[in-house]
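A.B. asks: can't give you the sequence, but here's the structure:
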Ligand SMILES: [Zn+2]
């Protein structure tokens, strides 16, 4: 490209110089003729030859320049559309359907259903809603226990957010099939199937795809249709597009730890924030900026050539520093769904020749797999229990210095806190009615497993022992009874307290036995209980 630019400049310079020399040569000829009208026919002939030579040179230069210009133009048009195969798809796209060789919506639906039948042991197919034109938004869940709640993180991949960016939907079908074909033979496939609940929505915008348009059937850009943190976009829930509403409800149903949407038109892993307060194009990192950079780098460095990008150092970019958007999906996920989402641009060319899809899959394969696997191979994972009766507590995990909290699951109180490797993190577990606990961890590239056992919070009111949480041995009714007795029969009251204490001790011992039998993450390097 640089050579062509240089050649172009040289040719342009030469043409300009020759353009000046041509009239000069003519003038020179005229001058010669005027100065020596008959004396020097040879000099006149030589000036004539000189003029002809300049003319020839100019014609030659112009022709070469035009050729280089055409080539140069081609380079510009394709610099953002690196072709993986030799073809002239761009020039023929106007007359031929862009989607030739790509799955139609009906093909996609068929592929999803066939996958569900072929890989029924590790998958389930469900729909999260319908598009404007009524096309179901099909999801493939891949897990060794699909549809069941487990103490495992959940990840979601969404393709085809923009109707005219179809590469993602094709890649996600490749991904699902690869996992099915390699489960129990490939360690990475097995790790993902057995330790993550992976949900794949190949097409969020089937209407846009069939219309070959960016927006949905109502011409709304779905990646601008989410509630925004800075500007009151789309406040009215009813006016939000059905595809957007489906995603919002989906994220309410399933506690996703992380996710990624697949786009086309560039090659970069983009992370929040997507917008700035003043709409300026400048770097604006979210509280988990380091973690997001780490996540995005996992994708770019596992990719065939994303990390070697000249436009984006390391193949990653902060959304707002690239171009700010408002109403985007990734910021909404981080703020409202507790989900760390990336926006992945997986192909420079939005509509590469369908023959290139297997190659683009190969280029993105390890990235797609490693990003999902990072949910169990990195970060901090564990559960929160009550020291009182060993029951799981759906508490909150926070990291000192990072203004963000992660909520433990309601059923098993498992939490999954993605974090960039670092020497020290102070982790705090909190739950209303319980004393908070904190501990310091050292986190390298591997995952750390850390369970918390929280003690109930007691307060003394008057002479009566009271607690403000619900528990089997010290529940409110008992305390009211104790209070009633306290005023009249002190001995009875003391005996009652002693019995309660004994019962609590017994329950605590049972609780401890329960903690020791809890399953730990199979990939966690160290385990601890605090
Ligand atoms: Zn897009």
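C.D. replies: Sure thing, it's come through. Since we're looking at a predicted model, the values are computed, not measured. Numbering: from 1, shown residues only.
A.B. asks: hey, let's count contacts and neighbours off CA atoms from now on
C.D. replies: Fine.
A.B. asks: Correct me if wrong: residue 247 contacts residue 131.
C.D. replies: No - look at residue 247 against residue 131 with CA atoms under 8 Å: they stay out of range, at 11.3 Å.
A.B. asks: Give the residue spans of the protein that score low on pLDDT.
C.D. replies: Applying pLDDT under 70 to the chain flags the ranges 1-96, 233-235, 237, 459-527.
A.B. asks: residues from it in reach of the ion?
C.D. replies: Residues of the chain lying close to the ion (CA under 5 Å from the ion) are 162, 263.
A.B. asks: How is the chain divided into domains?
C.D. replies: 2-79, 125-373, 380-456+519-529, 459-515 (automatic domain parsing).
A.B. asks: ok, whatever residue of the stretch 401-530 of the chain ends up closest to the ion - contacts?
C.D. replies: Going by CA to the ion, the ion is nearest to residue 418 of the stretch 401-530 of the chain, at 25.3 Å. If you count contacts by CA atoms under 8 Å, 6 or more residues apart in numbering, residue 418 has them with 291, 375, 378, 379, 380.
A.B. asks: Likewise for residue 182?
C.D. replies: If a contact means CA under 8 Å, 6+ apart, then residue 182 has 189, 190 as its contacts.
A.B. asks: Over to the one 10 residues further on?
C.D. replies: Each residue near residue 192 by CA under 8 Å, 6+ apart is listed here: 143, 198, 372, 373.
A.B. asks: Quick one: neighbours of residue 185, just the number.
C.D. replies: Per other CA atoms under 10 Å, the neighbour tally for residue 185 reads 10.
A.B. asks: Would you mind measuring from it to residue 179?
C.D. replies: From residue 185 across to residue 179, the span is 10 Å (CA to CA, to the nearest Å).
A.B. asks: Likewise for residue 378?
C.D. replies: 20 Å.
A.B. asks: Of those two, which one has the most company?
C.D. replies: Neighbour count, other CA under 10 Å: between residue 378 and residue 179, residue 378 has more, with 25 against 22.
A.B. asks: Most proximal residue of this protein with respect to the ion?
C.D. replies: residue 263 (4.3 Å).
A.B. asks: Let me see the ranges of the helices in the stretch 251-400 of the chain.
C.D. replies: For the stretch 251-400 of the chain, the helices defined by DSSP state H, counting those that start in this stretch occupy 289-302, 319-322, 329-336, 357-377.
A.B. asks: Make CSV out of the ones you listed and add mean neighbour count.
C.D. replies: Listed next are the helices of the stretch 251-400 of the chain as CSV, based on neighbours: other CA atoms under 10 Å:
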stretch, mean neighbour count
helix 289-302, 22
helix 319-322, 21
helix 329-336, 22
helix 357-377, 20
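A.B. asks: Distance to residue 410 added to those, as TSV?
C.D. replies: Output for these, formatted as TSV (distance: least, CA to CA, whole Å):
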stretch	distance to residue 410
helix 289-302	25
helix 319-322	32
helix 329-336	17
helix 357-377	19
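A.B. asks: Minimum distance to residue 110: which of those helices has it?
C.D. replies: helix 357-377 (18.8 Å; CA to CA).
A.B. asks: can you pull out the helices in the stretch 101-250 of the chain?
C.D. replies: Using DSSP H, counting those that start in this stretch, the helices found in the stretch 101-250 of the chain span residues 105-118, 167-182, 187-195, 206-211, 242-253.
A.B. asks: Of all the residues in the third one, which ones are buried?
C.D. replies: Within helix 187-195, the residues scored as buried using 16 or more other CA atoms under 10 Å are 188, 189, 190, 191, 192, 193, 194, 195.
A.B. asks: Please name the nearest non-neighbouring residue to residue 133.
C.D. replies: Among residues not flanking residue 133 along the chain, residue 207 sits closest, at 6.6 Å (CA to CA, 6 or more residues apart in numbering).
A.B. asks: With residue 406 instead?
C.D. replies: residue 397 (5.2 Å).
A.B. asks: and that neighbour, what does it touch?
C.D. replies: Taking CA under 8 Å, 6+ apart, we find residue 397 in contact with 405, 406, 407, 408, 415, 417, 427, 428, 429, 430.
A.B. asks: likewise residue 452?
C.D. replies: Here residue 452 is in contact with 382, 383, 384, 385, 429, 437, 529, 530 (CA under 8 Å, 6+ apart).
A.B. asks: ranking those residues by neighbours, who comes first?
C.D. replies: Within those, neighbour counts (other CA under 10 Å) peak at residue 384, which reaches 30 neighbours.
A.B. asks: helix or strand for the closest residue to that one other than its chain neighbours, which one?
C.D. replies: Leaving aside its chain neighbours, residue 384 sits nearest to residue 452 (4.7 Å; criterion: CA to CA, 6+ apart). If you go by DSSP states H and E, residue 452 is part of strand 448-454.
A.B. asks: and the angle from that strand to helix 357-377?
C.D. replies: Here strand 448-454 runs at an angle of 40 degrees relative to helix 357-377 (axes from the mean of the first three to the mean of the last three CA atoms, to 10 degrees).
A.B. asks: Pull up the pairing partners for strand 448-454, direction included.
C.D. replies: strand 380-386 (parallel), strand 526-529 (parallel) (DSSP bridges).
A.B. asks: Just give the number of residues close to the closest residue to residue 112 other than its chain neighbours.
C.D. replies: With CA to CA, 6+ apart as the criterion, residue 112 has its nearest non-adjacent residue at 7.1 Å, and that residue is residue 140. Using other CA under 10 Å, residue 140 has 25 other residues around it.
A.B. asks: what would the contacts of residue 192 look like in JSON lines with distance to residue 110?
C.D. replies: Formatted as JSON lines, the contacts of residue 192 follow (distance: CA to CA, whole Å):
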{"residue": "143", "distance to residue 110": "21"}
{"residue": "198", "distance to residue 110": "20"}
{"residue": "372", "distance to residue 110": "25"}
{"residue": "373", "distance to residue 110": "28"}
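A.B. asks: tell me which of those residues is nearest to residue 255?
C.D. replies: Closest approach between the contacts of residue 192 and residue 255, by CA to CA: residue 198, at 11.8 Å.
A.B. asks: Any idea what that closest one is bridged to?
C.D. replies: Taking DSSP bridges as the rule, residue 198 bridges to residue 142, residue 155.
A.B. asks: can you count the residues close to it?
C.D. replies: That count, for residue 198 with other CA under 10 Å as the rule, works out to 23.
A.B. asks: Go ahead and confirm it touches residue 147.
C.D. replies: No - contact criterion CA under 8 Å: residue 198 and residue 147 do not qualify, at 10.7 Å.
A.B. asks: what sits in contact with each of those two?
C.D. replies: Both residue 198 and residue 147 are in contact with residue 141, where contact means CA under 8 Å, 6+ apart.
A.B. asks: who's in contact with the residue nearest to residue 294 when sequence neighbours are not counted?
C.D. replies: Spatial nearest neighbour of residue 294, chain neighbours left out: residue 420 (5.7 Å); criterion: CA to CA, 6+ apart. Counting by CA under 8 Å, 6+ apart, residue 420 touches 290, 291, 292, 294, 295, 379, 443, 445.
A.B. asks: distance of residue 356 from residue 313?
C.D. replies: Counting by CA to CA, the separation of residue 356 from residue 313 is 26 Å.
A.B. asks: out of these two, which sits in the more crowded spot?
C.D. replies: With other CA under 10 Å as the criterion, residue 356 and residue 313 differ in neighbour count, and residue 356 comes out ahead with 15 against 12.
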